[in-house]
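Asks: only geometry, no sequence info:
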């Protein structure tokens, strides 16, 4: 999906430009709010992309910031109009993680650490279905179906030859041994994982049990970076059960980037990771052929 049709990313870019114009004018957000007779949180939310700016908001801010070039004003107004358009995921109803999906759709690269499950972008339909059904308390059939469709639609990014997502994945070894669905589902999933790991734009590493304590013990996180880094800063995403967390402060993003570097250094190489995934896959094949013999460990 092109950047101009991604409302969340467009909103963030507009907010970054409005912030730049305010700072160039030497104004604090509290001063802007006072002069426009609006709340200070509104100005902050407009600038960080958490709130959609209306064309009239943009014109008022441009007037306050002394912007007179009609082309600049028109381009900002167009951003505001496009940021209010729905993304492709809205066709599936009120889906969770809509902000993250918008960022993921536009990201140029993604570094993710997963201690519990295979990342959503690399899940097979059967594995994804099992994760959704087993992690949502009493899901309605329609809700589970919509979530599955959205999850599989998100995977288009890694198959987009014109604009493939550069994806780095570090998996805790426990992910390979946690039986999601069944031994046969796991066998299919790990075979799929190894096949994808052979693609040049995908890198999968396994963090072995032998690594002991490591920086990822605090939980899952992902770092999203964008092609237009001048207007769309990197974002760290922390998935939580009820409300997700987005970390954007540059120093915090750098902190998570260092954490990820350490995880990659402690993880097995991509080749060794494929070997361990293959070994565990064989155990699931044995477990499927001899169900009385165990669960694939």
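Replies: Looks like it came in fine. Every value quoted in this text rests on a predicted model; they were computed, and no experiment measured them. Numbers count the residues shown, from 1 in each chain.

Asks: Quick one: the helices in the stretch 1-150 of the chain, in order.
Replies: 7-25, 29-36, 40-47, 55-64, 70-83, 98-106, 125-135, 141-154 (DSSP state H, counting those that start in this stretch).

Asks: Out of the ones you listed, flag the one nearest residue 171.
Replies: Nearest to residue 171, of all the helices of the stretch 1-150 of the chain, is helix 125-135, at 13.3 Å by CB to CB. In this view, the C-beta of every residue, glycine as well, is placed from N, C-alpha and C.

Asks: Any buried residues in stretch 28-46, and which?
Replies: 29, 32-33, 42-44, 46 (16 or more other CB atoms under 10 Å).

Asks: Check what pLDDT the closest residue to residue 33 other than its chain neighbours gets.
Replies: Nearest in space to residue 33, with sequence neighbours left out and distances taken as CB to CB, 6 or more residues apart in numbering, is residue 40 at 4.2 Å. On the pLDDT scale, residue 40 is placed at 90.

Asks: can you redo the helices of the stretch 1-150 of the chain as JSON lines with distance to residue 180?
Replies: Shown next, in JSON lines, are the helices of the stretch 1-150 of the chain (distance: least, CB to CB, whole Å):
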{"stretch": "helix 7-25", "distance to residue 180": "30"}
{"stretch": "helix 29-36", "distance to residue 180": "46"}
{"stretch": "helix 40-47", "distance to residue 180": "38"}
{"stretch": "helix 55-64", "distance to residue 180": "46"}
{"stretch": "helix 70-83", "distance to residue 180": "37"}
{"stretch": "helix 98-106", "distance to residue 180": "21"}
{"stretch": "helix 125-135", "distance to residue 180": "5"}
{"stretch": "helix 141-154", "distance to residue 180": "14"}
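
Asks: Which of those helices sits closest to residue 183?
Replies: The minimum distance between residue 183 and these falls on helix 125-135, with 11.9 Å, by CB to CB.

Asks: Going by contacts, tell me the helices and strands next to that closest one.
Replies: helix 141-154, helix 183-197 (3 or more CB pairs under 8 Å, 6 or more residues apart in numbering; DSSP states H and E).

Asks: pLDDT of it, averaged?
Replies: 92.

Asks: got the contact list for that helix?
Replies: By CB atoms under 8 Å, 6 or more residues apart in numbering, the residues outside helix 125-135 that reach it are 117-118, 120, 123, 139, 144, 147-148, 151-152, 180-181, 185-186, 188-189.

Asks: Kindly recompute the last result at 10 Å.
Replies: 116-118, 120, 122-124, 139, 141, 143-148, 151-152, 155, 179-182, 184-186, 188-190, 192-193, 241 (CB atoms under 10 Å, 6 or more residues apart in numbering).

Asks: buried residues in it?
Replies: Buried, per 16+ other CB under 10 Å, within helix 125-135: 126-132.

Asks: got it, and stretch 237-248?
Replies: 237, 239.

Asks: Endpoints of it, how far apart?
Replies: End-to-end span of stretch 237-248 (CA to CA, to the nearest Å): 9 Å.

Asks: and it, what's its mean pLDDT?
Replies: 80.
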